[in-house]
Structures are given as structure tokens and as C-alpha cells.
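[1] Whatever this is, show me its structure:
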Amino acid sequence: MGSQEDPRHEKIKMVQPTEPHSQANRKSTEGNETRMAQFGRSVIVKGEIKGSEDLTIDGQVDGRIDLPDHILTVGPNATICADVKAKGVMVFGTVLGTLTAHDRIEIRKSGSVEGNVSCGRLIVQDGAILSGKIETKGSRRPAQSQTAATEGTAQVLAPVA
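    A predicted model of the protein is given here:
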């Protein structure tokens, strides 16, 4: 047969990726847009995650997470076996490892953290599980740090600034 083009090629258009405009993936703060990435339930990561945007994980991570200027949200279906460094961490799921946040860590009632926690402010909702060493570094007392250890169901364990 001749050199006729396949008619199916006419229906295929090359599309350049575009930035999503949905509220779920972006939030605006004082005119600056902040991007947010999401890992769904079916995503499993083994290794190191580094990012320069907020991240929500609802799957599994085994390794390290480094978001120095951004917020990590551990979704209710997430299982994180990692050392985490972030500006802030909000836990709805399960974390096994060290959590370090420059600003704050919040463990919600469905959340569970087993490992060392270091942050500026710690919020533990009634019913949350926290097991490990806690170190808070309040902005009012930078030279002093407070430590506490607990196992089982946690109440507020450190000063909330």
C-alpha cells in the first residue's frame, strides 16, 4: 500500500503539560501561590523524598522526607517509616521514625507517632498516640529545651506556644 498516513494519527494531539488550577493543588497566601503535591493511597515510595512544596501523603513511604520550608501532611491511610524534616508536620495516619519540624508538629486524634519528636510547638489531640522522646524549642526560651517521654495515648505533653 502507498505512503498514506494512518487516519488514527489525526485524532491524536500532542499536549503540553499545564499547571493545574484547582484549589486542591494550590493555595494562595498574600498573592503568592504555594504548590501542593499529593501521593495517593496506592503510591509506595522507598528512598528519599525532597521537595520545595507542601506534600500530602496517603500511601506508604520507607526512607527519608526532607521539606525544609514546607508542610508535610500524613493522611489517614498513610504509613510513614521515615526520618522527616519539615517546616511543619500534621499527622492523621501512622509515622514510625524521627519527626523534626522547625515550626510545629500536630498529631490528630486518628494519628500515631512512634519515635523521637523535635519541634518548636507540639499539638497532640486527645486520642492521638505518641510514643518516644519529645523535645520542644520554644521561641521565647531559645537556650532551654524541654524533654518528656510517654507511651500509649497522649495528652498535651509539652507547652503549646
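[2] pull the longest strand from this protein.
    Longest strand in the chain by number of residues (criterion: DSSP state E): strand 60-74.
[3] so what strands line up beside it?
    Within its sheet, strand 60-74 is paired with strand 44-50 (parallel), strand 54-57 (parallel), strand 79-91 (parallel), according to DSSP bridges.
[4] which residues touch it?
    Contacting residues not belonging to strand 60-74 are listed as 39, 43-57, 78-95, 102, 111 [Cβ atoms under 8 Å, 6 or more residues apart in numbering]. The way it works is simple: take the backbone N, C-alpha and C, and place the C-beta from them, glycine included.
[5] Next, format the strands paired with strand 60-74 as JSON lines and append mean pLDDT and distance to residue 64.
    Converted to JSON lines, the strands paired with strand 60-74 look like this (pLDDT from 0 to 100; distance: least, Cβ to Cβ, whole Å):
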{"stretch": "strand 44-50", "mean pLDDT": "92", "distance to residue 64": "5"}
{"stretch": "strand 54-57", "mean pLDDT": "94", "distance to residue 64": "13"}
{"stretch": "strand 79-91", "mean pLDDT": "96", "distance to residue 64": "5"}
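[6] can you redo those as TSV with mean neighbour count and distance to residue 121?
    Converted to TSV, the strands paired with strand 60-74 look like this (neighbours: other Cβ atoms under 10 Å; distance: least, Cβ to Cβ, whole Å):
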stretch	mean neighbour count	distance to residue 121
strand 44-50	12	24
strand 54-57	22	18
strand 79-91	22	9
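[7] what about the nearest residue to residue 45 once chain neighbours are set aside, neighbour count?
    Excluding the flanking residues, the one nearest residue 45 by Cβ to Cβ, 6 or more residues apart in numbering is residue 61, at 4.7 Å. The tally of other residues near residue 61 (other Cβ atoms under 10 Å) stands at 26.
[8] what's across from residue 61 in the sheet?
    With DSSP bridges as the rule, residue 61 is bridged to residue 45, residue 80.
[9] Can you check the pLDDT for it?
    As predicted, residue 61 sits at a pLDDT of 95.
[10] by contact count, what packs against the one helix or strand residue 122 maps to?
    Secondary-structure assignment from DSSP states H and E places residue 122 in strand 121-124. Packed against strand 121-124, as judged by 3 or more Cβ pairs under 8 Å, 6 or more residues apart in numbering; DSSP states H and E, are the following elements: strand 99-107, strand 129-136.
[11] Please work out which of these is packed deepest.
    strand 99-107 (a mean of 21; mean count of other Cβ atoms under 10 Å).
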